[in-house]
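Chemist: fold the following and give me the result.
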Amino acid sequence: MSEAPRLSLIRWLLFALGLALLPHFAHLVSWVPLLALGLGLWRYRLAATRRPLPGTWLLLPLTLAVAAGILVSYGGLFGRDAGVALLVLMTALKTLEAKSRRDFTLTVYLGYFLCICAFLFSQSIPLAAYMPLPLLALTATLVGINHTDGALEGVLRFRLAGAMLLQAVPVMLALFVLFPRVPGPLWGIPQDTARGVTGLSDDMSPGSISALSRSDAVAFRAIFRGAPPPSATLYWRGPVLWNFDGRTWRAGERPIPLPGPAYQAEGPPVEYTVTLEPHHKPWLFLLDLPAKVPGIGVLTTDYQALARQPVRQRLRYEAASHLEYREASRLDAHTRARALQLPPYGNPRARQLAERWRAENGDPLAIIRQALALYNAEFTYTLTPPPLGASPVDGFLFDTRKGFCEHFAGSFVFLMRAAGIPARVVTGYQGGQANPLGDYLIVRQSDAHAWAEVWLEERGWMRIDPTAAVAPQRVELGVAAALPAGEPLPALARMEMTWLKRLELGWDAVNNGWNQWVLGYNQQRQMEFLARLSGSRPEWGDMALWLTGLLTLVVGASAALLLRPGWPAQDPAQRAWRRFQNRLARAGMPPRPAEGPRDFTERAARQLPRSQQQIRQIGTLYLQLRYGGLPDHDGIARLQRLVRQFHPR
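Modeler: Below you'll find the model as predicted:
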């Protein structure tokens, strides 16, 4: 291979690898893709100046330094992030030793792997729409590598690469629809859990949920079977908090699976499907109280739905809940002690108030009503409460009287326990935003909420939401309706239907369809789809026969198209000559049957004397390239340029 086509192939290779590298800038440590780009520019500089490639004496210590850098940045060489970073830099280093066609081909294959690895981090629509571009560039590079002497113009490379990728589309669709789906991802690469994820935590302190409510990130989406329930009944249950240290509520003991139903339903269940975004925690959010838990999770004694593994990828599950219920079990001594636990000191004014209520009227319902009346009288619901002192419950109840849901729920449970009423804090989400474009509910982080549950004899655990006593609009219309003007609520969580919000809802509907029908095309959906097509539930043997038959049909049709008579295989010189002939034909000089290139050139030069110099120059160069031996890359490029510049006069 001469230097000119080698330099052209290197340009193509580095351009294609750069496109494959671009999506990785979003998730890799910044020095990794920047170093890869620097190595690529170095390789191009060496090729352009015709300098020798670095030897092993330089590449070996450079490789060791790269591995050490990844080890320091990622804490190891294994895992998703570290593995992809290592692949990126090893691919860049491979270009520094690529000399032969075999080396170039291997580097292109590494570029294909880079494209695949991008989907380990995201399966979004923008990434899927972008990925055909690096695939086309890599395939075009592969076409150029395998062409004789690399002499192939860029337009033809892209055309051939595009044709091959288009031929692969029917095969891809057949495999997507019919290839047996397996539960979970096909790869077993451990994902890094140290990356920040927005979502609820297993503890709650003043300001924790109000800070979370400033985010408009989607927590999950829900589709109801039938009309959705009223917003005031949509309490999506998450972590249940038992232990209080004077400032922070925590979950405490390890959750215990519920052996069987422990409440009496007082109405029909609500059925729905949840598409949960990854949050790296085990919680599966279900409406109070769950009647049907997805098979990937278990229900605990405090009615938390927990997945068996942390949710590190988008999950879609079906569930059912009873919105009207009555607790049927008794409160054992251990659970009662947990539900009455308070630190031995702190918040003395709140303790005195609760003890006075208890002394005046020992009826738990009366105490609850007194507490709710206190909140309803002089308290303000706000995302920006003032800071609290060493006794946060006293500071909130008697000094600032401004807070968010965690302030109301935490202080209410403290008062109940101090009055001798078992109580606990429940966190999760409340309400959601209906998307009319997709007929589903969007629950954002701004919908995060905290409420209380108290134990009443003959009634069991009963939900009490003290926030509703202060701002009833919060549970009826959403957080935006309850907050005063000027609060730092994210734009997408506000009530105003601006053009930006309409656009976002439309995009979210598209994303939801992508999640449901492409990313959510699991084993269950595959069986349902194929059953609708065939009229009965297919077996694995049937799917194998369908897949084999469909692939045979697709490959046979492609072969018949490619091998049909009259499918010309023209080299670049021939294509340039055909364009030259077409331009002369439009000028009134079509080629005659059985007329050779030399005779045609001479006849055209005589009839078009003003263009005879260009005509003879093109004809002579074409004869040299066509019949003069091996193709000449520079000569073909010159012929193509002359034909583009030719305009018969």
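
Chemist: list the contacts of stretch 62-69.
Modeler: Outside of stretch 62-69, the residues within contact range by C-beta atoms under 8 Å, 6 or more residues apart in numbering are 31, 35, 54, 77, 86, 89-90, 93. Bear in mind the C-beta positions are built from the backbone N, C-alpha and C, glycine included.

Chemist: and Asp632, what pLDDT?
Modeler: The model reports Asp632 with a pLDDT of 67.

Chemist: an error on my part: the question was meant for Gly260.
Modeler: The model's pLDDT for Gly260 equals 68.

Chemist: for Glu327, see how far away Ala262 is.
Modeler: Going from Ala262 to Glu327 by C-beta to C-beta, to the nearest Å gives 7 Å.

Chemist: and for Leu547?
Modeler: Leu547 is 52 Å from Glu327, by C-beta to C-beta.

Chemist: which one's more surrounded, these two?
Modeler: For Leu547 versus Glu327, the count of surrounding residues by other C-beta atoms under 10 Å is larger for Glu327: 19 against 16.

Chemist: that one bridge partners, please.
Modeler: Per DSSP bridges, the residues bridged to Glu327 are Tyr263.

Chemist: what's it in contact with, if anything?
Modeler: Contacts of Glu327 (C-beta under 8 Å, 6+ apart): 262-264, 459-462.

Chemist: same question for Leu584.
Modeler: 590-591, 604, 608, 615, 648.

Chemist: the stretch 501-649 of the chain: strands as residue ranges?
Modeler: Shown for the stretch 501-649 of the chain, no strands are assigned by DSSP state E, counting those that start in this stretch.

Chemist: tell me where it has helices.
Modeler: 523-534, 540-562, 572-586, 597-607, 612-627, 633-645 (DSSP state H, counting those that start in this stretch).

Chemist: residue contacts, Pro590?
Modeler: Going by C-beta under 8 Å, 6+ apart, the list of residues near Pro590 reads 581, 584.

Chemist: report how many residues lie close to Ala217.
Modeler: Neighbour number of Ala217 under other C-beta under 10 Å is 15.

Chemist: dump the contacts of Leu584 into JSON lines; add pLDDT and distance to Asn146 as well.
Modeler: Supplementary listing: these in JSON lines, determined by pLDDT from 0 to 100; distance: C-beta to C-beta, whole Å:
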{"residue": "Pro590", "pLDDT": "87", "distance to Asn146": "36"}
{"residue": "Pro591", "pLDDT": "87", "distance to Asn146": "32"}
{"residue": "Ala604", "pLDDT": "88", "distance to Asn146": "36"}
{"residue": "Leu608", "pLDDT": "87", "distance to Asn146": "40"}
{"residue": "Ile615", "pLDDT": "88", "distance to Asn146": "34"}
{"residue": "Pro648", "pLDDT": "83", "distance to Asn146": "36"}
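
Chemist: so, low pLDDT: which residues of the protein?
Modeler: Applying pLDDT under 70 to the chain flags residues 1-5, 148-152, 182-198, 260-261, 328-329, 484-486, 488-498, 562-570, 629-632.

Chemist: the longest helix belonging to it - contacts with which helices or strands?
Modeler: Longest helix in the chain, counting residues (DSSP state H): helix 154-178. Contacts defined by 3 or more C-beta pairs under 8 Å, 6 or more residues apart in numbering; DSSP states H and E place helix 154-178 against helix 132-145, helix 523-534, helix 540-562.

Chemist: those helices: which one's closest to Leu372?
Modeler: helix 523-534 (44.6 Å; C-beta to C-beta).

Chemist: how about that closest one: buried residues?
Modeler: 526, 530 (16 or more other C-beta atoms under 10 Å).

Chemist: what's next to that helix, contact-wise?
Modeler: Counting by C-beta under 8 Å, 6+ apart, 177-178, 180-183, 517, 521, 537-538, 542-543 sit against helix 523-534.

Chemist: for those, which two are the farthest from each other?
Modeler: Trp517 and Asp542 (22.2 Å).

Chemist: more crowded one of the two?
Modeler: Per other C-beta under 10 Å, whichever of Trp517 and Asp542 has more neighbours is Asp542, with 14 against 11.

Chemist: secondary structure class for Lys437?
Modeler: For residue 437 the amino acid is Leu, not Lys. Here Leu437 is coil, with the state taken from DSSP: H, G, I helix; E, B strand; the rest coil.

Chemist: quick check, it in contact with Asn511.
Modeler: No - the criterion here is C-beta atoms under 8 Å, and Leu437 misses it with Asn511 at 11.2 Å.

Chemist: ok, back up a step: dump the helices of the stretch 501-649 of the chain to TSV, plus distance to Arg369.
Modeler: Putting the helices of the stretch 501-649 of the chain into TSV (distance: least, C-beta to C-beta, whole Å) gives the following:
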stretch	distance to Arg369
helix 523-534	48
helix 540-562	61
helix 572-586	88
helix 597-607	102
helix 612-627	97
helix 633-645	88
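
Chemist: ok, back up a step: name the residue in Leu437 and Asn511 with the higher neighbour count.
Modeler: Taking other C-beta under 10 Å, Leu437 and Asn511 do not tie; Asn511 has more neighbours (17 against 14).

Chemist: picking up where we left off before, so which of the contacts of stretch 62-69 comes closest to Ala480?
Modeler: Trp31 (41.7 Å).

Chemist: now do the contacts for that closest one.
Modeler: 69, 73 are the contacts of Trp31 under C-beta under 8 Å, 6+ apart.

Chemist: make it 6 Å
Modeler: Listed by C-beta atoms under 6 Å, 6 or more residues apart in numbering, the contact set of Trp31 is empty.

Chemist: measure it to Cys115 for me?
Modeler: 22 Å.

Chemist: cool, and Arg401?
Modeler: For Arg401 relative to Cys115 (C-beta to C-beta), the value is 57 Å.

Chemist: Arg641 too?
Modeler: Relative to Cys115, and taking C-beta to C-beta, Arg641 is found at 34 Å.

Chemist: all helices of the stretch 351-500 of the chain, in order?
Modeler: Under DSSP H, counting those that start in this stretch, the stretch 351-500 of the chain gives helices at 364-378, 392-394, 405-418, 466-470, 473-476, 479-482, 499-514.

Chemist: packing partners for the longest one?
Modeler: To tie it back to what came earlier, the one meant is helix 499-514. Judged by 3 or more C-beta pairs under 6 Å, 6 or more residues apart in numbering; DSSP states H and E, helix 499-514 is in contact with no other helix or strand.

Chemist: residues of that helix that come out buried?
Modeler: 501, 504-505, 508-509, 511-512.

Chemist: quick check, nearest of the residues you listed to Leu621?
Modeler: Taking the buried residues of helix 499-514 together and measuring to Leu621 by C-beta to C-beta, the closest member is Asn511, at 54.7 Å.

Chemist: tell me, how many residues neighbour the closest residue to that closest one other than its chain neighbours?
Modeler: Nearest residue to Asn511, sequence neighbours excluded (C-beta to C-beta, 6 or more residues apart in numbering): Ile125, at 6.4 Å. Per other C-beta under 10 Å, the neighbour tally for Ile125 reads 16.

Chemist: Gly38 too?
Modeler: Counted with other C-beta under 10 Å, Gly38 comes out at 12.

Chemist: helix or strand for it, which one?
Modeler: helix 31-48 (DSSP states H and E).

Chemist: quick check: what element follows that helix along the chain?
Modeler: Following helix 31-48 in sequence, per DSSP H and E, is helix 56-74.
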